[in-house]
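In: My questions concern the predicted model and sequence given below.
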Amino acid sequence: MKDVLERFLFEKAPVRGELVKLDATYKEVLARHNYPLVLRSRLGELMAAGALLSAMLKFDGTLVMQMHGTGALQLLVVEVTSQNTLRATARWDADKIAAFDETSSIAELLGRGRFMITIDPTVGEPYQGVVGMEVGQTVAQIIEHYMTHSEQLDTRLWLACEDGIAAGMMLQKMPAQDDLENTWDHLVTLAGTVKNEELLQLEPRETLYRLFHEDSARVFDPATPRFACTCSRERVGGMIKLMERDEVDEVLAERGHVHVVCDFCGKEYEFDPVDIGALYAGSDAGHGTVQ
């Protein structure tokens, strides 16, 4: 099954939408870590949401979606680029996570949590928005809340994840002079009839036709999401340079090298004393902070 993202626009209403299906991309993320079953679906849902939102924003750069918590799930991160590449990872407490199952909501897993979106354009300054979470909220509801209250854009999301496939649909009402609330409600009602198995099993254009064949939806050329990690030896070296030089030297004295593993793809990087010396040569070492 091919990974695909479809964008569409209603010709008679200021409403746009997208459908996405992630197969190989999602499986590639799962293959990188031994994620507990309870986290896999939530991670897939956030990946589908990230692909949808990044394409909806239509900018050149990177979108990062993060969910932080104090509970069994400590961190959930999805990063999407304007080239339709995705990577994702999670951090959890192995002892606490055992008390939850696949029916547990993302809010229950996170405990006291917050949702953060960072938009990092290739040109210009990054933008960041943060909202809190409420008990019982789903991934879709958290993002809907963020878009409605932080961005003032009515947005609805339907997400599904099962058997190694993550999928989703998004509708967003664009600013318009005319009061078309009834039209928006009509389209949201139609979209709300979609079943998880349709999102997961049908091709997105089949789902689009079933839902909106009477509402003049214009479909654009599809995009092909794929997994790709942006880590590199150069970027890891830059992270090391943010640390105090004394702290790095302590690691070298204890282990003989600095060993770093990418949280997203699992690639390992090793820096020996010569490498570390070259990193700090000519830099204002000793004034960084661990990040």
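Out: Okay, I see it.

In: what are the phi and psi values for Met67?
Out: phi -120, psi 120 (degrees, to the nearest 10).

In: same thing with Thr81?
Out: The phi/psi pair for Thr81 (degrees, to the nearest 10) is phi -100, psi 160.

In: Okay, and the beta partners of it?
Out: Beta bridges link Thr81 to Thr62, judged by DSSP bridges.

In: Do you know the pLDDT at it?
Out: Thr81 carries a pLDDT score of 96 in this model.

In: got a list of what it touches?
Out: By Cβ atoms under 8 Å, 6 or more residues apart in numbering, the residues touching Thr81 are 54, 61-63, 228, 230. Bear in mind the C-beta positions are built from the backbone N, C-alpha and C, glycine included.

In: Let me see the contact set for the residue nearest the centre of the chain.
Out: Geometric centre of the chain, nearest residue: Val78, 2.9 Å, by Cα atoms, centre = their mean. By Cβ under 8 Å, 6+ apart, the residues touching Val78 are 43, 46-47, 49-50, 64-65, 86-88.

In: Next, format these as TSV and append pLDDT, neighbour count and distance to Val139.
Out: Listed next are those as TSV, based on pLDDT from 0 to 100; neighbours: other Cβ atoms under 10 Å; distance: Cβ to Cβ, whole Å:
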residue	pLDDT	neighbour count	distance to Val139
Leu43	96	25	9
Leu46	98	28	6
Met47	98	31	10
Ala49	98	24	6
Gly50	98	26	10
Val64	97	17	15
Met65	97	24	10
Leu86	98	27	15
Arg87	97	24	17
Ala88	98	27	12
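
In: ok, back up a step: scan the contacts of Thr81 and report the most crowded one.
Out: Of all these, the highest neighbour tally under other Cβ atoms under 10 Å goes to Ser54, namely 30 neighbours.

In: The helix or strand containing that one: which residues count as buried?
Out: Using DSSP states H and E, Ser54 maps to helix 37-57. Across helix 37-57, burial judged by 16 or more other Cβ atoms under 10 Å covers 38-56.

In: ok, now stretch 5-14?
Out: Buried residues in stretch 5-14 (16+ other Cβ under 10 Å): 5-8, 10, 13-14.

In: quick one: which of these is nearest to Ser150?
Out: Nearest to Ser150 among the buried residues of stretch 5-14: Pro14, at 20.3 Å, using Cβ to Cβ.

In: Give me the phi and psi for that closest one.
Out: Dihedral pair for Pro14: phi -80, psi 60, per degrees, to the nearest 10.

In: right, and it touches Gln172 too?
Out: No - with contact defined as Cβ atoms under 8 Å, Pro14 does not reach Gln172; the gap is 9.6 Å.

In: If I look at the residue of the chain positioned farthest from its centre, what pLDDT would I see?
Out: In terms of distance from the mean C-alpha position of the chain, Ala253 ranks first, at 38.0 Å (Cα atoms, centre = their mean). Ala253 carries a pLDDT value of 93.

In: ok now do it, which residues does it touch?
Out: Here Ala253 is in contact with no residues (criterion: Cβ under 8 Å, 6+ apart).

In: And the next helix or strand past the helix or strand where it lies?
Out: Using DSSP H and E, Ala253 sits in helix 245-255. Sequence-wise, the next helix or strand downstream of helix 245-255 (DSSP H and E) is strand 258-261.

In: where does the stretch 101-250 of the chain dip in pLDDT?
Out: For the stretch 101-250 of the chain, the stretches flagged by pLDDT under 70 are 135-136, 177-179.

In: which residue ranges form the helices in it?
Out: For the stretch 101-250 of the chain, applying DSSP state H, counting those that start in this stretch gives helices covering 106-110, 139-150, 181-191, 196-201, 204-212, 233-241, 245-255.

In: Can you name the residues in contact with the third one?
Out: For helix 181-191, contacts defined as Cβ under 8 Å, 6+ apart pick out 10, 12-13, 15, 17, 154, 156, 158, 169, 171, 173, 211-212, 215.

In: okay, now the nearest residue to Ile119 once chain neighbours are set aside: neighbour count?
Out: The shortest distance from Ile119 to any non-neighbouring residue, by Cβ to Cβ, 6 or more residues apart in numbering, is to Tyr127 (4.6 Å). The burial count assigned to Tyr127 is 12, neighbours taken as other Cβ under 10 Å.

In: i'd like the first residue to be 58 from this point on
Out: In the new numbering, first residue 58, that becomes Tyr184.
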